[in-house]
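Have a look at this fold, sequence not included:
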């Protein structure tokens, strides 16, 4: 692995959808993911690793995705139409990036830290995530 980047790959359960992300890494930096307690994330067990759009690449399965949009209509929740797994999506908090499900990575990044995020009080807390999708 390039020490200046985290190189991550993952996908859905059936393997139809595959993605990769290359995230800049500063010396001594720990990769942080968020465990959100909103109704959607709690139900599906999504652990957010938010990355800039330029760091994300869909490798295969564009035609295998279906999209669920609700509430404000900003977030784009992509699911594999075969196995139903949401391995990534475009979050409302970071519409200029992607949120990768940490649980859908082929290999967990070394030293990743999962922090709680109060998504039940989204309007009050979402601003704390905005910087995560910037290059």
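Thanks, I have it. Because the structure is predicted, anything quoted here is derived from the model rather than measured. Numbers count the residues shown, from 1 in each chain.

What strand or helix carries residue 49?
strand 47-52 (DSSP states H and E).

Parallel or antiparallel, which strands does that strand pair with?
Here strand 47-52 has these sheet partners by DSSP bridges: strand 32-36 (antiparallel), strand 97-101 (antiparallel).

So which bits of the first one are buried?
Meaning strand 32-36. For strand 32-36, burial by neighbour count (16 or more other Cβ atoms under 10 Å) applies to 33-36. For every residue, glycine as well, the C-beta is placed using N, CA and C.

same deal with the last one?
Neighbour counts using 16+ other Cβ under 10 Å place 97-101 of strand 97-101 among the buried residues.

can you list contacts of that strand?
By Cβ atoms under 8 Å, 6 or more residues apart in numbering, the residues outside strand 97-101 that reach it are 8, 10, 19, 21, 46-53, 55-56, 86-91, 132-133.

That'll do, ta.
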